[in-house]
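S.K.: Structure for this input, please:
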Amino acid sequence: MILLIWNIAVFATYASDKRRAKKDERRVPEKRLLTMAALFGSLGALAGMYLMHHKTRKNKFRILVPIFFAAHCWLAYEMLL
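M.R.: Residues are numbered from 1 along each chain as shown. The predicted model follows:
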């Protein structure tokens, strides 16, 4: 349940940053977005990237966020065994 809420918060942060980018307002730092994804928010980050079309051209995000997601899936699998 906590991970679900966290991933919703990560998605909302990506969506907020996209909205701010369109309005030319102060942005969420990339380091914060990636840190949130790394701290078990990779599903929310992936959803934010592809549903909001946000940060999909940045190689740093295109490479790291899926790696985080794969690592999180592997960890979840290992914990369930």
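S.K.: With adjacent residues omitted, what lies nearest to Ala47?
M.R.: Spatial nearest neighbour of Ala47, excluding adjacent residues (Cβ to Cβ, 6 or more residues apart in numbering): Phe11 at 5.1 Å. From N, CA and C alone the C-beta is placed, and that goes for glycine too.
S.K.: Sorry, wrong one. I was asking about His72.
M.R.: In space, His72 is closest to Ser42, 5.2 Å off (Cβ to Cβ, 6+ apart).
S.K.: cool, Ile8 as well?
M.R.: With Cβ to Cβ, 6+ apart, the residue lying closest to Ile8 is Gly44, at 6.4 Å.
S.K.: neighbours around the one you found, how many?
M.R.: By other Cβ atoms under 10 Å, the residues close to Gly44 number 25.
S.K.: That one reaches Asn7, doesn't it?
M.R.: Yes - with contact defined as Cβ atoms under 8 Å, Gly44 counts as touching Asn7 (3.4 Å).
S.K.: Buried ones in the helix or strand where Trp6 lies, by neighbour count?
M.R.: Assigned by DSSP states H and E, Trp6 falls within helix 2-22. In terms of neighbour count (16 or more other Cβ atoms under 10 Å), helix 2-22 has its buried residues at Trp6, Asn7, Val10, Phe11, Thr13, Tyr14, Ala15, Ser16, Asp17, Lys18.
S.K.: Stretch 45-57 now?
M.R.: Ala45, Leu46, Ala47, Gly48, Met49, Met52, His54, Lys55.
S.K.: returning to that earlier point: near the residue nearest to His72, how many other residues are there?
M.R.: 23.
S.K.: re earlier: so who does the residue nearest to Ile8 touch?
M.R.: Trp6, Asn7, Ile8, Ala9, Val10, Phe11, Tyr14, Met36, Ala37 (Cβ atoms under 8 Å, 6 or more residues apart in numbering).
S.K.: After the strand or helix carrying it, which helix or strand is next?
M.R.: In this assignment (DSSP H and E), Gly44 forms part of helix 42-51. Under the assignment DSSP H and E, the closest C-terminal helix or strand after helix 42-51 is helix 59-80.
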